[in-house]
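**Q** sequence and predicted model, in that order:
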Amino acid sequence: MKIPFTRALTAMVAVAAAAAALAPASATAQTYPNRPIRVVVPFSPGGGVDIYARLLANSMSGQLGQPVVVENDAGGAGVIALERVSKSPKDGYTLLVVSSTSISAAPNLYRKLPYKAEDFTPVALVGKFPFHVFITPGLPVRGWKEFHAYAKANPGKVNYATTGRGSTPHLVGEMVKAATGIEMVDVPYKGSGPALADLMAGHVQVYMDVPSPGLQHVQSGKLRVLAVLDEKRETIAPDIPTMAELGYPGLNAFNRYTLLAPTGTPRAIIERLNKAAIAAMASGPLRDRQNADGAASDPATPEQVGAMLKTDYETWGGVIRKLGIQLD
């Protein structure tokens, strides 16, 4: 039977806090950190998670007075790294930066994973990326209402790109279909690059993805964007309406990059790291990157990050169960 991850996500912070109560927190707070800290990234260098982890690590090094070093541990769609970090010492010297889908979507997609949600406790939110609805400029529509009418008048003739079955663009596409009543056919690609290329060429009509790099193609006229799946408009593109404004309240979808620690890490260390991460994101290269990517977010406590992960789990889990997707 699948582990009840909804309960697990709710309990993530509580479990860590209970463990912290058993540790010599005051002594730990006085001496931590006294040596370099590792931040594990479960993907190859150069990707979005890696870029944000390195910017965060560089800034946190100054905040903590110790080197914060990024270590890439790619393979197994991130599973290898998450298992390793989950079994690392609970001392604050091995951390993880990961896309929230590894915690929120993967447990719904795979029946057996070598890690559990409660193996990690949230430290900080590094970036929040709302999904956007991008379309090829070849479609004879300018806004959402025209697109909706076009799709309803041409059922099954509108294709939307995904990056594979069970990927977040696939899940978001199915969320949009269910909420709006339009019919679209999913077309899988091996990555966002090929999907965007075919969208610009008009081979597919729609693609749901985070803002970067799609918005740069909107600015050049190679793509159009119809809506953002967020509660509010974005500062980088304030003219793009939210789905709530278009009549679909609650139709929100995000990819979040989060900093995690093994559960059992003393509470004093979690709080120290949270403060350092928030200070790192207050200004400088990381904040500049967040603003450029539309990923900037308000400072969040570990408890608030845990609540976000729970919401994401419930969102992705509902779509996955409806589609009956199982990848192992």
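**A** Okay, I see it.
**Q** can you give me how far the top strand by length along the chain is from the chain middle?
**A** Ranked by number of residues, the top strand in the chain under DSSP state E is strand 120-130. Mean-position distance between strand 120-130 and its chain equals 8 Å (CA atoms, centre = their mean, to the nearest Å).
**Q** same question, stretch 125-144
**A** Relative to where its chain is centred, stretch 125-144 has its mean C-alpha point 17 Å off (CA atoms, centre = their mean).
**Q** go through that stretch and flag the buried ones.
**A** Buried residues in stretch 125-144, defined by neighbour count with 16 or more other CB atoms under 10 Å: 125-137, 139, 141, 144. The way it works is simple: take the backbone N, C-alpha and C, and place the C-beta from them, glycine included.
**Q** what about that stretch, how long is it end to end?
**A** Start and end residues of stretch 125-144 are separated by 31 Å (CA to CA, to the nearest Å).
**Q** if we can go back for a sec, pull up the pairing partners for the longest strand of the chain, direction included.
**A** Strands adjacent to strand 120-130 in the sheet, as given by DSSP bridges, are strand 254-262 (antiparallel).
**Q** isn't Gln200 right next to Gly214, touching?
**A** That one is not Gln; residue 200 is Met. No: with contact defined as CB atoms under 8 Å, Met200 does not reach Gly214; the gap is 9.9 Å.
**Q** common neighbours of those two, please.
**A** Taking CB atoms under 8 Å, 6 or more residues apart in numbering as the criterion, Met200 and Gly214 both touch Leu223.
**Q** so which of these two has more stuff around it?
**A** Using other CB atoms under 10 Å, the more surrounded residue of Met200 and Gly214 is Gly214, with 23 against 19.
**Q** after the strand or helix carrying the more buried one comes which helix or strand?
**A** Gly214 is part of helix 211-219 when elements are defined by DSSP states H and E. The helix or strand immediately downstream of helix 211-219 is strand 224-228, counting by DSSP H and E.
**Q** which strands and helices sit next to that following strand?
**A** strand 132-135, helix 144-153, helix 211-219 (3 or more CB pairs under 8 Å, 6 or more residues apart in numbering; DSSP states H and E).
**Q** what angle separates it from helix 144-153?
**A** Strand 224-228 and helix 144-153 are oriented at 100 degrees to each other (axes from the mean of the first three to the mean of the last three CA atoms, to 10 degrees).
**Q** state the mean pLDDT of strand 224-228.
**A** Mean pLDDT, strand 224-228: 96.
**Q** give me the contact list for that strand.
**A** Contacts of strand 224-228 (CB under 8 Å, 6+ apart): 130-137, 139, 142-144, 147, 211, 214-215, 218, 234, 237, 240-243, 246.
**Q** before we move on, back to that, pick the most deeply packed of the helices and strands packed on strand 224-228.
**A** Greatest average neighbour count among the helices and strands packed on strand 224-228 goes to strand 132-135 (a mean of 25), per mean count of other CB atoms under 10 Å.
**Q** now do the helices in the stretch 151-300 of the chain.
**A** All helices of the stretch 151-300 of the chain, identified by DSSP state H, counting those that start in this stretch, fall at 168-180, 192-201, 211-219, 267-280, 285-293.
**Q** mean pLDDT and distance to Thr94 for those - can I get that in TSV?
**A** Rendered in TSV, the data for the helices of the stretch 151-300 of the chain read as follows (pLDDT from 0 to 100; distance: least, CB to CB, whole Å):
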stretch	mean pLDDT	distance to Thr94
helix 168-180	94	27
helix 192-201	93	30
helix 211-219	86	29
helix 267-280	96	12
helix 285-293	91	21
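**Q** closest to Asp73 out of those?
**A** Relative to Asp73, the nearest member of the helices of the stretch 151-300 of the chain by CB to CB is helix 267-280, separated by 19.7 Å.
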